[in-house]
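Provided below are the primary sequence and the corresponding predicted coordinates.
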Amino acid sequence: MLNADRLLPSEPRARQIARNLYEHTRALPVLSPHGHCNPEVLAENSPFTDPATELITTDHYLLRLLYSQGAPLESLGVRPLDGSPAEEDGRLVWRSLADGYHHFRGTPSKLWLDYTLEEVFGVTKPLRADTSDEIYDEVMARLGGDDFRPRSLFDRFGIEFLATTEGALDELDAHARLRRSGWNGHVVPTFRPDDVIDPDRPDFRDNLDTLATLTGRDVTTWGGYLDALRSRRATFIDAGATASDHGHPSPFTADLSTRDAECLFGRVAYGTLSPGDAEMFRGQMLLEMAAMSVEDGLVLQLHTGSWRNHNASLAALFGPDVGGDIPKSTDYVASLKPLLDRFGNYRQLRLVIYTLDESTYSRELAPLAGHYPALRLGPPWWFYDSPEGIRRFYRSVIETAGFSNLVGFNDDARSLLTIPARHDMSRRLNAGFLAGLVAEHRLEEEEAVDLAQDLAYNLARRTFQDAP
Amino acid sequence: MLNADRLLPSEPRARQIARNLYEHTRALPVLSPHGHCNPEVLAENSPFTDPATELITTDHYLLRLLYSQGAPLESLGVRPLDGSPAEEDGRLVWRSLADGYHHFRGTPSKLWLDYTLEEVFGVTKPLRADTSDEIYDEVMARLGGDDFRPRSLFDRFGIEFLATTEGALDELDAHARLRRSGWNGHVVPTFRPDDVIDPDRPDFRDNLDTLATLTGRDVTTWGGYLDALRSRRATFIDAGATASDHGHPSPFTADLSTRDAECLFGRVAYGTLSPGDAEMFRGQMLLEMAAMSVEDGLVLQLHTGSWRNHNASLAALFGPDVGGDIPKSTDYVASLKPLLDRFGNYRQLRLVIYTLDESTYSRELAPLAGHYPALRLGPPWWFYDSPEGIRRFYRSVIETAGFSNLVGFNDDARSLLTIPARHDMSRRLNAGFLAGLVAEHRLEEEEAVDLAQDLAYNLARRTFQDAP
Amino acid sequence: MLNADRLLPSEPRARQIARNLYEHTRALPVLSPHGHCNPEVLAENSPFTDPATELITTDHYLLRLLYSQGAPLESLGVRPLDGSPAEEDGRLVWRSLADGYHHFRGTPSKLWLDYTLEEVFGVTKPLRADTSDEIYDEVMARLGGDDFRPRSLFDRFGIEFLATTEGALDELDAHARLRRSGWNGHVVPTFRPDDVIDPDRPDFRDNLDTLATLTGRDVTTWGGYLDALRSRRATFIDAGATASDHGHPSPFTADLSTRDAECLFGRVAYGTLSPGDAEMFRGQMLLEMAAMSVEDGLVLQLHTGSWRNHNASLAALFGPDVGGDIPKSTDYVASLKPLLDRFGNYRQLRLVIYTLDESTYSRELAPLAGHYPALRLGPPWWFYDSPEGIRRFYRSVIETAGFSNLVGFNDDARSLLTIPARHDMSRRLNAGFLAGLVAEHRLEEEEAVDLAQDLAYNLARRTFQDAP
């Protein structure tokens, strides 16, 4: 079903160039420096039990669009927090998707799933109501084979580097078991300390207690708290981490005096918060994280601009990550200034920005990244990790920031099974964009080959593995 | 003059696919669920008297661009409010347009008018200073024929459903006469109650008095006021209405307690307004309108984001709708939250959003519509109802919201004569966009045929006629 | 190295049309109504001494991207303010660029420099580390010839009109010498009075003293201050100026009563500023400048929306204009209203808006320019003066504002040597955009020829030379 030229430009001359560029990157190893795969899966290496859970129930893209068209989340296997029933038969969940699969025409979700079904599972029929059961059975059968165990797939997919994402309090057991197992797959954690940095989280103060226990530090003082974070970072680095990640609502940063920071920490940790304190604290902590990155070398990733759980009643019923996160307008120029004033000129720092507000691509992000040595632009994230989204990103940022201020591709995948689909789409779109430049004589074809390889491999490696 | 392939992609393979898709929709009936045609025209079925009045003087697109290039509005037939003279000879108004027609190169206005002249009136020469009189005479002559009476054109244009737009106080006489006449054209009103909802209107309190008279309700109380609105909605529904429409400055919504709403209504209706009261009242009323829609099934349309009569001195001289409305930056994510918190998860509600701020397409509107069951996206409105505007809309929203969360096309026409031009442009652009997806193997051609028919007909029908 | 079809569309039919359109404009004279060339260069007509200084050290586009990739500004010849050393050997500065030239793949900087090297200097090898010295020597040698003296280049480039940019206190000596020299090149100053209008400048009050001295006016009163500005404008007009230019942080305008303006001026000029006073004063002064333009006919240009010297420590080390200016989100609809309320309907005023926030193209600028007689849109500025930037500009504004509300191209060049490269790129992109319209039958080819010539020449002439 998959056409060999899919996602390449339709104009014949550009398509021919794009095919060549794609061929130069198609078989390159996969680097996955940011995503949400569960390391447990690779530590255990047990067979995946159910394709519906793995590919539907945990995929917020599929959930949201089916929900928007009237499908109850329960029918997709999402269980209400109060214990009310949800569909538990994977075959029926799979049918719910098949029934609504036409809603995904024109979306990247369909491109990814079609790829996964055909290239990973060898399915040769389109997913529809009348093929649903047959395909479900076929996928289920394959998943039982040894060649579909997670580590086998990891190897088959050519994954050379995989970073998962863990909270600051994660004890990294799965990663420890992975290392002890003697398996040679390169899988590392990422330090995502929102749980102990964001005072708006209901579990924030409990988390501080756990942080104290884990690190043996006195987290009732500002200095002790920072030391505890340093300690966790060191632990993550020992487990192979090369990056931190921060999911703040906004990219606001602050640079308070030590005295003001101490007072703010006091209010945040065991006092009463004033309005604005939480945002100020998150902002100050981004600056502290950058300071620690300068010391310990972790790449600092910033995923901001999402209004989490915008659909409050749905979040109350089902919890987070069921499709109710909505982007909002974001300012980077003023927000990042305190951090950039301190560290923007540091060449040894790598601050990688991801955005959900594309109006900032040409106005803010490309000019900032094209100037500050510490800044790099992450690839199109979330709704922008799509054919049109990726094209708009390149067209909006390259002319100002160049290719060298990018960090290549992230798949942001939640399931190992979907990683190849995302990298393949990315490599095809890179080839298409570069082919357009070549066809208009804005780039030589040999230069485009270099750049295609940079975008598919070298930039990610340079940023996340060979960082200064 | 009109090329058969106009507005289709120039790349030959994509053009061939687009031709096929266009052919599958070209002759479909026209659904016009939102626009500003005068129902009187169809009720009377008298011949149109003057092409200049019908096609120039009442077209704010033509007025604005000619005005920007120095043409006095009087020369275009627009009469000052103070009774000062304006050009009354349609032939001379027509000449003013012909003289400035080169300013419209590259604009949709020219595409629409060229289509109307050739396809509706059979004109075969381009409009220029030296052809102006001849074309005027030709159009004038045709308008005198019985086959150019409004109902004949309605049939010839294949219009299956036409919604007009009326204030809450409109007594719907024309619609009543239409129904009584026995003519089988399907023409319905739309409930647009800005006149009795927007406290910033100078006639607001007078309008409340009229509302009381019309409905026999006591509109001095919050409850009575809401009842009066319910009553007007019922009257509109009796006259065939399937939708309401709201032209608020912003999409701000509010969800006050009954007590707070009562107090606010008191200030707004017969007290002294505090700063912010008018916006708060409009916001509360959107929520009330949504609540009533849940009860009575009217589709709720939201046309927001325009700074009406930005050119204050021009509005003082000539009144509203002479081209001085300017879009402004709009936020939907916070503004709509109160309404969505209450009704966003209702499957039986249809809330259709139109925007003049395209920076919200991918950042806000597609993510919201791709999640909330109640939300749908209206087609590109006003300055965005254009070849490039429509392309950007599809490229920005489809990947996140899918096609199923759209409502098809609206022509927003002010004259019956211009309806076919707008639907034809829309269908060609749909074909071109879908052909691009097919040419890049992102969609099968049979799927594209379905989607082209959905965009041209089924989605509008489903939203505005077969609403739950 | 330069392909004859570079920057034209790759689709063969559109390319053929574009070639034809380009040929109709390729050899038209160059009008350069806005830029930053040093008039001294033409007054002296001495040979350029060093290609590195002329083409690298003073080019903020090159500095910023090289700096972002780790090159110290000193290595590019930029001297720290404290007298610390910088590279003085042009050959080594040139090598620094050559070493990092691959970072410019896909940027307009590379297109411009490649053009300049080949078309202006006859270089036939690509710039790389291993060709750096050879190319430097070749360029150096050419610069020594009489045919590379500034006036010879001015003639060879076909420049018919060149406006430079001067502060209000500039005594226009170079311009006086130019006129006295008997040379027939048309070079005029532009009145850029930020130095005596922006109270946030550290030298503002000193500048007022100088203004008093220069004009013999009492600038301690609001009326005297305005008179002094009128006097400077008259002096600039005597020297040939046809325009003013204003580099305010935002397009905010104000229309205070005379009394309020007097009080504000008092605080600003010799009192204590309250928060907001500086912005209010700049806003009031834009209105005053518009009022003077109505009297004296200067075109009013507005370059706003840049956060100057965002990189505070770099600015402290090296001063302004080293690449640390970052655009920010800008509002025009509310900001310009006071000015437009007063002068927006004046046909004899020409207010030209340039922006760094492209999200305003379709939402604000095109609707404003497509309505107000006084408004025109400047060409894509700074980061938007690029292939993709120019295409997005046309696609976003033409459908609403038409071509007639544009002012053609500005090169904004800082060196005479780079002027032809910029106009050539612009003319190719114009041809490509128009060819796309022709290929889709949205425009006739003869109309496109007219429009290509308008964009390349007539619109600039009409706006800046034949102003009413």
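Ah, there it is.

Return the distance of residue A:120 relative to chain C.
Distance of residue A:120 to chain C, given as C-beta to the nearest C-beta, to the nearest Å: 33 Å. Every C-beta, even on glycine, is put in place using the N, C-alpha and C of the backbone.

That residue - nearest residue in space that isn't next to it in sequence?
With sequence-adjacent residues excluded and distances taken as C-beta to C-beta, 6 or more residues apart in numbering or on different chains, residue A:120 is closest to residue A:417, at 6.0 Å.

Now do the contacts for the one you found.
A:48, A:54-55, A:116, A:120, A:153 (C-beta atoms under 8 Å, 6 or more residues apart in numbering or on different chains).

Name the member of these with the most neighbours.
With neighbours set by other C-beta atoms under 10 Å in any protein chain shown, the maximum within these is found at residue A:55, which has 24 neighbours.

Is that residue in contact with residue A:418, as I believe?
Yes: if you go by C-beta atoms under 8 Å, residue A:55 and residue A:418 touch, sitting 7.3 Å apart.

which residues do the two both contact?
Common contact partners of residue A:55 and residue A:418 (C-beta under 8 Å, 6+ apart): residue A:116.

related to what we said a few turns ago, which pair of the contacts of residue A:417 spans the longest distance?
Spatially, the most separated pair among the contacts of residue A:417 is A:55 and A:153, at 13.4 Å (C-beta to C-beta).

Kindly report the domain assignment for chain A.
A:12-47+A:149-464, A:48-148 (automatic domain parsing).

need these in a markdown table with distance to residue B:281 and mean pLDDT, can you?
Converted to a markdown table, these look like this (distance: least, C-beta to C-beta, whole Å; pLDDT from 0 to 100):
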| stretch | distance to residue B:281 | mean pLDDT |
| --- | --- | --- |
| domain A:12-47+A:149-464 | 24 | 97 |
| domain A:48-148 | 30 | 97 |
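
To residue B:424, which of these lies closest?
domain A:48-148 (22.9 Å).

what's the span of the closest one from first residue to last?
8 Å (C-alpha to C-alpha, to the nearest Å).

quick one: it to chain centroid distance?
Centroid separation between domain A:48-148 and its chain, computed with C-alpha atoms, centre = their mean, to the nearest Å, is 21 Å.

residue boundaries of the strands in the stretch 51-200 of chain A?
A:159-163, A:166-167, A:187-188, A:191-192 (DSSP state E, counting those that start in this stretch).

typo on my end, the stretch 251-400 of chain A
Counting by DSSP E, counting those that start in this stretch, the strands of the stretch 251-400 of chain A are A:299-303, A:306-307, A:326-327, A:351-354, A:375-377.

Pick the most deeply packed of the ones you listed.
strand A:326-327 (a mean of 28; mean count of other C-beta atoms under 10 Å in any protein chain shown).

Please settle this for me: is the residue nearest to residue A:120 part of a helix?
Yes: per DSSP: H, G, I helix; E, B strand; the rest coil, residue A:417 lies within a helix segment.

how much space between it and residue C:357?
Residue A:417 sits at a distance of 41 Å from residue C:357 (criterion: C-beta to C-beta, to the nearest Å).

now the farthest one out in chain A, which residue is it?
residue A:259 (35.6 Å; C-alpha atoms, centre = their mean).

ok, that one to residue A:220 distance?
17 Å.

do residue A:67 as well
Residue A:67 sits 43 Å away from residue A:220, going by C-beta to C-beta.

between the two, which one's more packed in?
Relative neighbour count places residue A:67 above the other of residue A:67 and residue A:220, with 26 against 13, counting by other C-beta under 10 Å.

right, and the strands of the stretch 251-400 of chain A - which one's nearest chain C?
For the strands of the stretch 251-400 of chain A, proximity to chain C was assessed by C-beta to the nearest C-beta; strand A:375-377 is nearest, at 7.4 Å.

So which bits of the stretch 1-150 of chain A are right by chain B?
Contacts of the stretch 1-150 of chain A with chain B, taken as C-beta under 8 Å from any C-beta of the partner chain, map to A:2-3, A:5-12, A:64-65, A:67-70, A:102-108, A:111.

sorry, back to before: for residue C:168, which of the strands of the stretch 251-400 of chain A is the nearest?
Of all the strands of the stretch 251-400 of chain A, strand A:375-377 sits nearest to residue C:168, with 36.4 Å by C-beta to C-beta.

Give me the nearest residue to the residue of the stretch 51-200 of chain A found nearest chain C, chain neighbours excluded.
Nearest residue of the stretch 51-200 of chain A to chain C (C-beta to the nearest C-beta) works out as residue A:106 at 21.1 Å. With sequence-adjacent residues excluded and distances taken as C-beta to C-beta, 6+ apart, residue A:106 is closest to residue B:398, at 4.5 Å.

distance of residue A:359 from residue B:363?
Distance, residue A:359 to residue B:363, using C-beta to C-beta: 7 Å.

For the two, indicate the residue with more neighbours.
A count of neighbours by other C-beta under 10 Å puts residue B:363 above the other of residue A:359 and residue B:363, at 30 against 23.

what sits against that one?
Counting by C-beta under 8 Å, 6+ apart, residue B:363 has contacts A:327-329, A:356-359.

In chain A, which residue is most central in space?
residue A:412 (3.0 Å).

which residues does that one contact?
Per C-beta under 8 Å, 6+ apart, neighbours of residue A:412: A:34-36, A:381-382, A:385, A:422.

Need the three-state assignment for it.
Once three-state DSSP is applied, residue A:412 turns out coil.

where does it fall, phi/psi-wise?
Per-residue torsions, residue A:412: phi 60, psi 20 (degrees, to the nearest 10).

Could you measure from the closest residue to residue A:214 other than its chain neighbours over to residue A:215?
Distance criterion C-beta to C-beta, 6+ apart; nearest residue to residue A:214, sequence neighbours excluded, is residue A:169 at 6.4 Å. Distance, residue A:169 to residue A:215, by C-beta to C-beta: 10 Å.

So for these two, which residue has more residues nearby?
Per other C-beta under 10 Å, whichever of residue A:169 and residue A:215 has more neighbours is residue A:215, with 21 against 18.

my read: that one touches residue A:232, true?
Yes: contact criterion C-beta under 8 Å: residue A:215 and residue A:232 qualify, at 6.4 Å.

Export the strands of the stretch 251-400 of chain A as TSV, with columns for distance to chain C.
Formatted as TSV, the strands of the stretch 251-400 of chain A follow (distance: least, C-beta to the nearest C-beta, whole Å):
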stretch	distance to chain C
strand A:299-303	16
strand A:306-307	19
strand A:326-327	14
strand A:351-354	12
strand A:375-377	7
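
Dump those strands to CSV, plus distance to residue A:44.
Shown next, in CSV, are those (distance: least, C-beta to C-beta, whole Å):
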stretch, distance to residue A:44
strand A:299-303, 27
strand A:306-307, 31
strand A:326-327, 35
strand A:351-354, 30
strand A:375-377, 34
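
Ok, which of these comes nearest chain B?
Closest among the strands of the stretch 251-400 of chain A, using C-beta to the nearest C-beta: strand A:326-327, at 4.9 Å.
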